[in-house]
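*Asks:* Below are the sequence and a predicted model for it; my questions follow.
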Amino acid sequence: MVRPNKIVVVITGDPVSSVEEQRGDYAAMMRAAIGDAWTGSYAAVDARTESLGAELDGAAIVITGSSSNVHHREDWMLRAEARLRELEASEAPILGICFGHQLMAQAYGGDVQPNPKGREVSTVMVEQLAADPLFEGIGPRFAANACHSDSVVALPDGARVLGRSEGDPHQVLRFGQRSWGVQFHPEFDGDVMRRFIEARSEAILGEGLDLTSLERAARDTPDARAVFRNFVRHVMGD
């Protein structure tokens, strides 16, 4: 297969303000998380306001998280999904993160709805269900930072479940030969996770969750970040 010549971050949302002030936008956070796993070219495109055009051709693609809801079916989401189907048909390497993971599942024929198990937030344990290059060097259970209230509730045809957590049975999905989705945030460290919990505190308390326990549970998750770096190494080395 053709080796990608760059990484394009498809932006679908913004970090909470306290994180963006310190860490930058999601494109900056992705680049920091990837680190020395890729030292080549990067680009970013905002799916909400820009066309997902030729910039994505020949690239490895990372789709960010968002506070938007896939099941709201906004016009920009529909345009992005159509482009994702084209990219999937061309076997472009893609990793969707949180909302990006959900957007891919919806685009390929799955369904995304409010999580029947409720909000999953803070550091959670992910159980591997199948071997995959994304899990190279990572134990059968690993910690990851999650922050979502929607989930993939029905899989697209051909999708494989690679990992699950107590709060989401579809935590890691493989959609095709070179396309994956992770419901967790590999770019989050413990500090970022706590800042998201603080920003979502009203909703979290309104759902009867223990804010203090969630904040205390949040920690750095190097294995989750390794999943991200494994994706980059795997597809950039094809």
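*Replies:* Great, that's in hand.

*Asks:* Distance check, the residue nearest the centre of the chain against residue 213.
*Replies:* Among the residues of the chain, residue 97 comes closest to the average C-alpha position under Cα atoms, centre = their mean, at 0.7 Å. The gap separating residue 97 from residue 213 is 25 Å, by Cβ to Cβ, to the nearest Å. Heads up, the C-betas are built off the backbone N, CA and C, glycines and all.

*Asks:* residues in contact with the helix or strand hosting residue 144?
*Replies:* In the assignment (DSSP states H and E), residue 144 maps to strand 141-148. Identification of contacts with strand 141-148 by Cβ atoms under 8 Å, 6 or more residues apart in numbering yields 65, 98-99, 115, 119-128, 165, 167-168, 171, 182-186, 188-190, 192-193, 196-197, 200, 218-219, 221, 223-224, 227.

*Asks:* which non-adjacent residue is nearest residue 145?
*Replies:* Once flanking residues are discounted, residue 145 sits nearest to residue 188: 3.9 Å by Cβ to Cβ, 6 or more residues apart in numbering.

*Asks:* give the contact list for the one you found.
*Replies:* Contacts of residue 188 by Cβ under 8 Å, 6+ apart are 145, 147, 196, 221, 224.

*Asks:* Check residue 81 too.
*Replies:* Contacts of residue 81 (Cβ under 8 Å, 6+ apart): 103, 106-107.

*Asks:* my guess is the residue nearest to the centre of the chain meets residue 64, correct?
*Replies:* Yes. Counting by Cβ atoms under 8 Å, residue 64 is a contact partner of residue 97 at 6.0 Å.

*Asks:* Which residues are in contact with each of those two?
*Replies:* Among the neighbours of residue 97, none is also in contact with residue 64 (Cβ under 8 Å, 6+ apart).

*Asks:* burial measure for residue 54, as a count.
*Replies:* When neighbours are counted by other Cβ atoms under 10 Å, residue 54 registers 8.

*Asks:* ugh, wrong one, residue 155
*Replies:* By the criterion of other Cβ under 10 Å, residue 155 has 18 neighbours.

*Asks:* cool, residue 159 as well?
*Replies:* If you count neighbours by other Cβ under 10 Å, residue 159 ends up with 22.

*Asks:* and it, what does it touch?
*Replies:* 105, 108, 110, 173-175.

*Asks:* who touches stretch 28-38?
*Replies:* For stretch 28-38, using Cβ under 8 Å, 6+ apart, the contacting residues are 7, 9, 15, 19, 23, 42, 62, 64, 186-187, 192, 225, 228-229, 232-233, 236.
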